[in-house]
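[1] Predicted structure and sequence below. I'll ask about it afterward.
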Amino acid sequence: MSLKVFCTSVTASRDIKSQQAEITRILESKGIPYEYVDISQDNSFLEEMRTKAGNPKAVPPQIFNGDQYCGGFEMFKDAIECDTITEFLKLSKE
């Protein structure tokens, strides 16, 4: 499975910008490969993100491992603080 981070390059929200930057910075610092999906490039990406998250009002950033929903920024932050990022991202411990 591949990790996907649904983000947007077009937002006026400082919170969303900083959350997206923090997620990508942490994943890169831990050497965790991921695909950056920019929902502003195609409306179908927004619909896919919301459908998979099970929330018609979900906003980026949202994280998925394949078709499995991992969570949004707050859940990601909690996983980092609790050192459960591998479990949160549904990554196998090989």
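    Thanks, I have the structure now.
[2] On the three-state scheme, Tyr69 is what?
    strand (DSSP: H, G, I helix; E, B strand; the rest coil).
[3] wait, isn't it in contact with Asn55?
    No: contact criterion Cβ atoms under 8 Å: Tyr69 and Asn55 do not qualify, at 9.2 Å. For glycine as for every other residue, the C-beta is placed from the backbone atoms N, C-alpha and C.
[4] Tell me which of these two has more neighbours.
    Tyr69 (18 against 13; other Cβ atoms under 10 Å).
[5] before we move on, what SS does Ser9 have?
    For Ser9, the secondary-structure state derived from three-state DSSP is coil.
[6] quick one, what contacts it?
    Going by Cβ atoms under 8 Å, 6 or more residues apart in numbering, Ser9 touches 38, 40-41.
[7] Low-confidence regions, the chain specifically.
    In the predicted model of the chain, residues 1, 93-94 satisfy pLDDT under 70.
[8] 50 - rerun?
    Applying pLDDT under 50 to the chain flags the ranges 94.
[9] residue ranges for the strands of it, please.
    3-7, 35-38, 62-65, 68-72 (DSSP state E).
[10] need these in CSV with distance to Ile26, can you?
    CSV is the format used below for the strands of the chain (distance: least, Cβ to Cβ, whole Å):
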stretch, distance to Ile26
strand 3-7, 11
strand 35-38, 14
strand 62-65, 11
strand 68-72, 13
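[11] If anything else comes up later, I'll come back, but that's it for now.
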